[in-house]
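Colleague: got a sequence here, can you build the structure:
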Amino acid sequence: MKIGSLEFEDNVFLAPMAGVTDLTFRLICKEMGVGLLYTEMISSKGLYFNDKKTHELMKIEEKEKPVALQIFGSDPEVMANITNDKLNKIDDFAIVDINMGCPAPKIVKNGDGSALMKTPKLIGRIVKEVVKYSNKPVTVKIRKGWDDNNQNAVEVAKIIEDAGASAITVHGRTREQFYSGKADWDMIRRVKENISIPVIGNGDVFVPEDGKKLIEETGCDAIMIGRGARGNPWIFKRTLHLLKTGELLPEPSDEEKIDVCIKHLNLLCTIKNEKIAVKEMRKHIAWYIKGMKNSAEMRNKINTISDKDELEEILYRYKQNS
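Modeller: Numbering: from 1, shown residues only. A predicted model of the protein is given here:
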């Protein structure tokens, strides 16, 4: 598929997820064949005011490319400014993606993320300004709408297309739903039928068959996997294989899951302070071992450990007994 002038060999993408899709996890997913990676969402105001932590989120390695850098904000002038003064000077990423789908209260209360679904005119201004200044394709991620009474994804998608965006990702839930209930794939289909730029479908892809079904039912050009990839980077390899061959690869064994988990731990410790890395790995380990024998007991144990070598040893012993 193509986004602007960029052509992608594979159409299964990793969703941007705050606190999850850091450099380490992206590198692991890349080895599983993912077509396009997204950074965690990055504050446009953080960039504007040169916040150090914001800049750390932008670290990208050569071997993970292509990568889309996702920004959030609701001030068109600030977003145009950082696009022109900062983003255009960085060659590491290929696409500027604007977050208009995050449901988190701390984001929405400032009028950012999915709160923008309530102000379509402002959406148009933001996209138009970023497109005007960006030297890279600009894409946007939206939701189905704000709530049941405001399901305006089709209207918003048309505005985004008219403003010059190169692709749109649609998550099939309203902000009010957060991640509850079922994603409305029919809304994704309706958006696809009403605009000409590529549409990326998102929501409720947890197994390869879901990804295939999402494409078949909506006609979307690509799929984006978020929560279904947590502790399960194999979903990219298995979904791509299913789409290309019609064959469903077996799920990874428990031993393979723990091996990748240990690899994830070691890689994270090379990038971040060991204590921070071990703490951040707790949630990833819980996702990797979900459904495995004695996983609840294992989760309780790892939550008390702050030493990397001790954690690795426990994972090895867990593997031997799994």
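
Colleague: which secondary element of the chain has the worst mean pLDDT?
Modeller: In the chain, the helix or strand scored least confidently by mean pLDDT, DSSP states H and E is helix 52-56, which has a mean of 86.

Colleague: which helices and strands sit right next to that helix?
Modeller: When contacts are defined as 3 or more CB pairs under 8 Å, 6 or more residues apart in numbering; DSSP states H and E, helix 52-56 packs onto helix 44-48. Yep, even glycine has a C-beta here, placed from its N, CA and C like the rest.

Colleague: CA atoms of the least confident helix or strand of the chain as PDB?
Modeller: Output of helix 52-56 as PDB, limited to C-alpha atoms (Å, rounded to 0.1, in the frame of the first residue of the first chain):
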ATOM      1  CA  LYS A  52      13.900  16.700  27.700                       C
ATOM      2  CA  LYS A  53      11.600  13.600  28.300                       C
ATOM      3  CA  THR A  54       9.600  14.400  25.200                       C
ATOM      4  CA  HIS A  55      12.700  14.400  23.100                       C
ATOM      5  CA  GLU A  56      13.800  11.000  24.600                       C
END
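
Colleague: following it, which helix or strand comes up?
Modeller: Next helix or strand after helix 52-56 toward the C-terminus (DSSP states H and E): strand 67-72.

Colleague: tell me the domain boundaries of this protein?
Modeller: Domain assignment for the chain by the TED database gives 2-245, 254-320.

Colleague: as CSV, those with mean neighbour count would be great.
Modeller: Compiled in CSV, the domains of the chain are given as follows (neighbours: other CB atoms under 10 Å):
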stretch, mean neighbour count
domain 2-245, 20
domain 254-320, 16
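
Colleague: what mean pLDDT would you report for the lengthiest helix in the chain?
Modeller: Secondary structure of the chain per DSSP state H: the longest helix is helix 254-271. For helix 254-271, mean pLDDT rounds to 96.

Colleague: on that earlier part again, chain center to the least confident helix or strand of the chain: distance?
Modeller: Centroid separation for helix 52-56 versus its chain: 19 Å, with CA atoms, centre = their mean, to the nearest Å.

Colleague: start the count at 7 instead of 1 going forward.
Modeller: I'll keep to 7 as the first residue from here, and by that count the last item is helix 58-62.

Colleague: what's it in contact with?
Modeller: Contact partners of helix 58-62, identified using CB atoms under 8 Å, 6 or more residues apart in numbering, comprise 48-49, 52-53.

Colleague: chain center to stretch 147-166: distance?
Modeller: Its chain's C-alpha centre and that of stretch 147-166 lie 19 Å apart, by CA atoms, centre = their mean.

Colleague: what is the end-to-end distance of that stretch?
Modeller: 10 Å (CA to CA, to the nearest Å).

Colleague: kindly report the same for stretch 228-248.
Modeller: Stretch 228-248 has an end-to-end distance of 14 Å (criterion: CA to CA).

Colleague: show me the shaky parts of the stretch 7-156 of the chain.
Modeller: Low-confidence segments of the stretch 7-156 of the chain (pLDDT under 70): none present.
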